[in-house]
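> From the sequence below, what's the structure:
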Amino acid sequence: MLIVCAAKSATHDKAQDRAKLELGRRIKAAREREGLSQFQLAMKLGITPGAVGQWELGMVSPKPLTMMRLPEILGMTSEELLESRTPAGRQMVALTTKERDLITAFRRMPEAEQDLIARQIKALAGIK
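Residues are numbered from 1 along each chain as shown. The predicted structure is shown next:
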């Protein structure tokens, strides 16, 4: 029984290591796409550049509060940051400052106002 538990633990550890490495690769790719150095990203997050380097090498994962701030800074959604691959047919593109500002403003609105704005945008874009 002990051997089985140890084998399961080793498999779990390998999966966690792969997940950390993959997340680190996505963070690095997004950071570079945004034209940010490790130092610049660290300053925006209020952490050390060494922490960013450790994420990118898959040594550690960002803390939960930092993970919540990363997508906006890196111009991507939480889903894109956490998924191991980009959904089929989607090209990862950095958001412009205007797009980021609009998303930030939208997220701060009450839900009823978000629904109204979403309907207006869909109508203007011809989306049903």
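> looking only at pLDDT, what's the mean for the helix or strand harbouring residue 32?
Using DSSP states H and E, residue 32 falls within helix 2-33. Averaging pLDDT along helix 2-33 gives 75.
> Run through the residues that contact the residue positioned nearest the centre of the chain.
Among the residues of the chain, the one closest to the centroid is residue 81, at 2.9 Å (CA atoms, centre = their mean). The contact partners of residue 81, by CB atoms under 8 Å, 6 or more residues apart in numbering, come to 23, 26-27, 30, 67, 70-71, 74. The way it works is simple: take the backbone N, C-alpha and C, and place the C-beta from them, glycine included.
> ok, now with 10 Å
23, 26-27, 30, 62, 67, 70-71, 74 (CB atoms under 10 Å, 6 or more residues apart in numbering).
> Regarding residue 120, what is its secondary structure?
helix (DSSP: H, G, I helix; E, B strand; the rest coil).
> For it, the count of nearby residues, please.
10 (other CB atoms under 10 Å).
> How much space separates it from residue 98?
Going from residue 120 to residue 98 by CB to CB, to the nearest Å gives 17 Å.
> just residue 69 next, same as before
20 Å.
> Among the two, which residue is more densely surrounded?
residue 69 (13 against 8).
> Would you point out the helix or strand in this structure whose mean pLDDT is lowest?
helix 2-33 (a mean of 75; mean pLDDT, DSSP states H and E).
> okay, now the domains of the chain?
As recorded under automatic domain parsing, the domains making up the chain are 2-92, 96-128.
> Identify, out of those, the most deeply packed stretch.
domain 2-92 (a mean of 14; mean count of other CB atoms under 10 Å).
> just how off-centre is that one within its chain?
7 Å (CA atoms, centre = their mean, to the nearest Å).
> Just the pLDDT at the residue nearest to the centre of the chain, thanks.
85.
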